[in-house]
Structures are given as structure tokens and as C-alpha cells.
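Peer 1: Got a predicted structure plus its sequence, pasted below:
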Amino acid sequence: MARKLVWVLALGCILSSACQSVEKLSSKAAGWHNLFDGKTLDGWKASENKDTFSVRDGMIAVKGSRSHLFYVGPVENANFKNFEFKADVMTEPGSNSGIYFHTEYQQTGWPSKGYEVQVNNSFKGDWKRTGSLYDVVNVKEVPAKDNQWFTEHIIVRGKHITIKVNDKTVVDYTEPDNVVREDWPGRKLSSGTFALQGHDPNSVVYFKNIMVKPLPSEPAKKIKAVVVTGGHDFEEKPFFSLFEGYVDIEYVRAEQKDHSEIFEDISGWDYDVIVLFNMTQNISPKRQENFVKLLNRGVGVLALHHSMGSFQQWDEYRKIIGTKYYLQQTSQNPASTYKHDVDLTVHIQDTKHPITRGLNDFAAHDETYKSCGFQNDNRVLLTTDDPTSDKTVGWVRRYGKANVCCIQVGHGPSVYSDPNYRQLIARSIRWCASRGN
């Protein structure tokens, strides 16, 4: 009988573990991300009185003097706008705490930015109960009990905030336009991270299963890219296929007959990203000025392959795209060189940037460039060890208000058909349009 009982208990543990694993996989598949690993405070940063927070039995235990624990981890780079947030919470009698959103790290005091969702089932010093959008929409009735786990669920979409406790909606609030709060100017929707509150030494609160599901904003408009060509032959059909098949990207072709006429009149400009695949040279002072005006408005630039050799007589162009292919030798630089049909490996140098995050090294059959000039402040994303090429083959930078990316790889159909390169181009366009974070 005892042996049978042991087997029953063991089987129960196995099934429970399996169910939990399935639940975790289902949550991940549904777009949820765990913010707390159940073992450490990795990805979190406490403000004053750091000892207020500790990890115990898979929970974040909160007990001590005033402090706030801010999420600073990798999910969405700790910057959330539209989201669903869930946490299981348990309070001991007489305890007070809170969950902040759209906030930012602050070393001391109560966070001045963002909203607080109240955690308070029986704290006598404040009648605003669990689920309150603190001092904006206050809940008087207690929706949960001390010494019992309950779930707080916060949903933010645009101007709309929904707060649920154990699946029951307790707050449904739409923030007015141009809201002003004299006592708390920062208490309004924007974007930011989350923070858990340690309120006072007598409050003891526990958090577990802390997770977030980032939500898209209102249906985003497609990114409009203008692909500038001219001055260099290329195989049109395979090249333009790079920009096709995306639900969020559309493009138009702009072959330059007069080198740079796209910048002659920008009064009706309607593009988010300029994709440069030209090797034209002439650009008048007026067109130069208009090009820079677009970048100062935040129009992004993706410069590909032979566009590195464009506008040789315009020194500012090198500062914009971060490089120059020297068509001729100068007093300070040798002429750049190229070599066709090279088999090289493209290495992901920066694994944390939105363009390259999660990508792996890939092989390419392409044309290489060597002895190009590079700006010192480029953030290098891609490199190669091939001796016929400069080491740097992909980078990003800022110019004015614009995101700028340059990728040297990209001469012909063999690389255009590579799924790694295709993904690289799509991500670059999104980042240049400030859509890929």
C-alpha cells in the first residue's frame, strides 16, 4: 500500500510538472514573456534600500523600507507601450504595495513617471484597494483576500487602460487627450518599464509568474520605401524581389535619369525610408540641402552595396552613410578595390541590435570591397574575415533625426535569394523607419 502511494505521488508530480511545462510553452506561443525567472533578480534593478527585495521559493518577496524594483531586462528593451501584464500576488494582512507601468528607473522616492496599480487588501492607512489606478480611478471594495494568491492583469491599448483582478474587471479607463495632473505631472500614458513597490517595513507582499505580452499599436501603416537606382547595372527582378512579400513594407522604384532628381523637390515627400542602390554622382547644392532636410525630419536611409561609391564630390555623403568607396586614389586614401564571385562568411558582430538580434552567421557568394573609408562612430553589426574585403560589411549610425544603415553585401541574385540576407534587408528597413526596436 505504501509503495502504491509513493507511485501515485510520483505520478502526480510528473503530471503536474508536465502540465506546467505545457502551460509555459502555450504562454510563450501566445506571445507572453516571463519577466522573472523564479530564481534570481536578473533583469531587475532595485532603487533605494535594495534589501527590501529577495527571491524565496520561486517568488519575489517584498519586505523592508521603501524601495522600487524596476524591470531592466531584455524583453522589448524594457520599454513597453501597448501590452498585457500579469502577476500573481499575495499580501500578508495590513500590507501595501503596487505595480507601476510606463515608468522609468528612479533612485529615490515614489516613481514620478507612469501609473501605479494598487496592491492593498487591508492596509489601514489607505482606503484605495487592490486594482485601483491610483488616485485616478480608485477601487473601494476589496476584490481579493490576504494570504491568498490572486492575479492582477493590466491591459494598455492606446489611451485605454483595463485592470482585472482574478479575471474581474475593476477599472476601465480612457485617458483624455492632453491630460494634465498638477500633483503628479508624470502620471500619464507614454511608454516605459514596470516596477514593483516596497511600501514600508510592515508590508509583506509576494509576486510570482510575472509576465508580459507586448501588443501592437493601432494597425500600423505600411512602411513606404523609395528604392533609388541608377549609375550601375544590376539584375532588376531578383533585386526588387527583396522588397516584396511583406505585410508592413511597400516600395516604389525611383531610377535616376539626372543622378539625383528625387531630391529636387521634396514638398510632397511621402516616404519613410530611402533605400540607396545607386552609384550616381551629381547632386546640386539644392538637392544636397533637401537630402539633409529629409534626414532631419527623421526619414531613414538604407544604403546598399555600390551606393557606397555615390556622390564622390560631396563630403557630407560619407558622414551620412558612414563610408566611402574611393573610385580614385586621393592624397590620403588609395583607390578602393572590388572582387567578384567571392565565397565569404558574414559574421554577426553585434547580437543585441534589433537588426541582427537572433540572426546567425551566414555564407554568401558575392562581390567584396576593400580599402573603403569608414566613420569612427559607426556601430558595426556585420563583419567578415575574407582577405579580399574590408572587415566591416554592415553598420548603423545616426544622422540628424534619421536612422541610417549601410550593408556592403548585396551585389547579385545569389545573395538576394538567401533567406538570411532577405531577413536582414527587411529588418533594416523597419529599423530605419523606426519600426524595429
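Peer 2: Sure, I can see it.
Peer 1: Now the element after the worst-scoring helix or strand of the chain on mean pLDDT, going C-ward?
Peer 2: Lowest by mean pLDDT, DSSP states H and E among the helices and strands of the chain is helix 2-29, with a mean of 46. Per DSSP states H and E, the first helix or strand lying C-terminal to helix 2-29 is strand 33-34.
Peer 1: Tell me the strands beside the next helix or strand after that next one, with direction?
Peer 2: Next helix or strand after strand 33-34 toward the C-terminus (DSSP H and E): strand 44-46. Partners of strand 44-46 in the sheet, by DSSP bridges, are strand 67-71 (antiparallel).
Peer 1: Packing partners of the helix or strand that comes right after the partner strand?
Peer 2: Downstream of strand 67-71, the first helix or strand assigned by DSSP H and E is strand 83-91. When contacts are defined as 3 or more C-beta pairs under 8 Å, 6 or more residues apart in numbering; DSSP states H and E, strand 83-91 sits against strand 97-103, strand 150-157, strand 204-214. C-beta: built from backbone N, CA, C; applies to glycine.
Peer 1: Go through the longest one and flag the buried ones.
Peer 2: So the one you mean is strand 204-214. V204, V205, Y206, F207, K208, N209, I210, M211, V212, K213, P214 (16 or more other C-beta atoms under 10 Å).
Peer 1: can you list the domain ranges for the protein.
Peer 2: Here the domain parsing of the chain from automatic domain parsing is 32-214, 223-432.
Peer 1: Could you dump these into a markdown table with mean pLDDT added?
Peer 2: As requested, those are exported to a markdown table (pLDDT from 0 to 100):
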| stretch | mean pLDDT |
| --- | --- |
| domain 32-214 | 95 |
| domain 223-432 | 96 |
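Peer 1: isn't there a strand covering T229?
Peer 2: Yes. Assigned with DSSP: H, G, I helix; E, B strand; the rest coil, T229 falls within a strand.
Peer 1: returning to that earlier point: which stretch among the helices and strands packed on strand 83-91 approaches E182 most closely?
Peer 2: strand 97-103 (18.9 Å; C-beta to C-beta).
Peer 1: quick one: contacts of whichever helix or strand comes after that closest one?
Peer 2: Using DSSP H and E, the helix or strand that follows strand 97-103 in sequence is strand 115-119. The contact list for strand 115-119, computed with C-beta atoms under 8 Å, 6 or more residues apart in numbering, reads 89, 91, 95-102, 128-134, 136, 138-139, 152, 154, 161, 163, 187-189, 197, 205.
Peer 1: Give me the distance from strand 115-119 to the chain's centre.
Peer 2: Centroid separation for strand 115-119 versus its chain: 25 Å, with C-alpha atoms, centre = their mean, to the nearest Å.
Peer 1: Measure how that strand sits relative to strand 150-157, angle-wise.
Peer 2: 160 degrees (axes from the mean of the first three to the mean of the last three C-alpha atoms, to 10 degrees).
Peer 1: Give me the buried entries from the contacts of strand 115-119.
Peer 2: 89, 91, 95-102, 128-134, 136, 139, 152, 154, 161, 163, 187-189, 197, 205.
Peer 1: Helices along this protein, start to end?
Peer 2: Ranges of helices in the chain, per DSSP state H, are 2-29, 236-240, 285-297, 315-321, 413-416, 419-432.
Peer 1: Contacts for the second one next, please.
Peer 2: In other words, helix 236-240. V227, Y251, R253, F277, G412, P413, Y416, S417.
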